[in-house]
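Visitor: below: sequence and its predicted model.
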Amino acid sequence: MATDPLSSIVSPLQREQIIPDVLPETLAFTPSVLFSVVYPNGAEVNLGNYMTVEETQDEPEIRFAALNGPWDDSAGEVSYTLAMLDPDAPSRSEPTYRSFRHWVITGLKSPPLTANSADALNALKTHPSVTPYRPPGPRPNSGLHRYTFLLFQEPASVQPFTVPQGAPEYGAALEERRSWNPVAFADQHGLKLVGASYFLVSAPEVAPE
């Protein structure tokens, strides 16, 4: 009997201490959506793999896995918000700015049923990013960084979910991205955490002068 891929998500998050550093242990998180993050150069986030700053410069695509065969008609009605953050800002040993918000995008939807090409597997980005994508840029000698993706299911509504104008998530400047709490953000907007992934980047090591 094959292992349910969703059941194997929480253990790596605990091993790398994303639970509890990003997601508190008191949060009842049961993954229900499997997704992948694929960069334009083909580099793919694989739940804890090592990647480079160079590989992750451009905004990636999100792909939802159809675990039970083709998407059914109701799948297209569900929309998602994705957040990317770094809890190790400026470093894991001194996370003064935990968490640094790298990207927030709302309105992600599963591809149409007719999708049959690789590009068509990508989730539909129905809204512009709330927080524009900012690639990893760890400070020299700051060690290992855990770049974390959190996928939230948006509340069902006649009107598409949007983050209200003027919300902190629209802040794109470096200083405006610091000290962001994704769990509080989700609570505020009625978002349900349904998936998570992450990759690791080693900061460059520079010899002291």
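Guide: All right, it came through fine.

Visitor: for residue 62, give me the pLDDT.
Guide: In the predicted model, residue 62 carries a pLDDT score of 97.

Visitor: bridged to it, which residues?
Guide: Assessed by DSSP bridges, residue 62 has beta-bridge partners residue 37.

Visitor: wait, isn't it in contact with residue 121?
Guide: No. When contacts are counted by Cβ atoms under 8 Å, residue 62 is not listed as touching residue 121 (9.8 Å). C-beta here means a position set from N, CA and C on the backbone, and glycine is covered the same way.

Visitor: more crowded one of these two?
Guide: Each of residue 62 and residue 121 has its neighbours counted (other Cβ atoms under 10 Å); residue 62 has more, 21 against 18.

Visitor: contacting residues for the more buried one?
Guide: 35-38, 82, 108, 122-123 (Cβ atoms under 8 Å, 6 or more residues apart in numbering).

Visitor: find the centremost residue of the protein, please.
Guide: The centroid of the chain falls nearest to residue 149 when counting by Cα atoms, centre = their mean (2.0 Å).

Visitor: quick revisit: tell me the least confident of the contacts of residue 62?
Guide: Pick the lowest pLDDT in the contacts of residue 62 and you get residue 122, at 90.

Visitor: beta-bridge partners for it, please?
Guide: residue 63.
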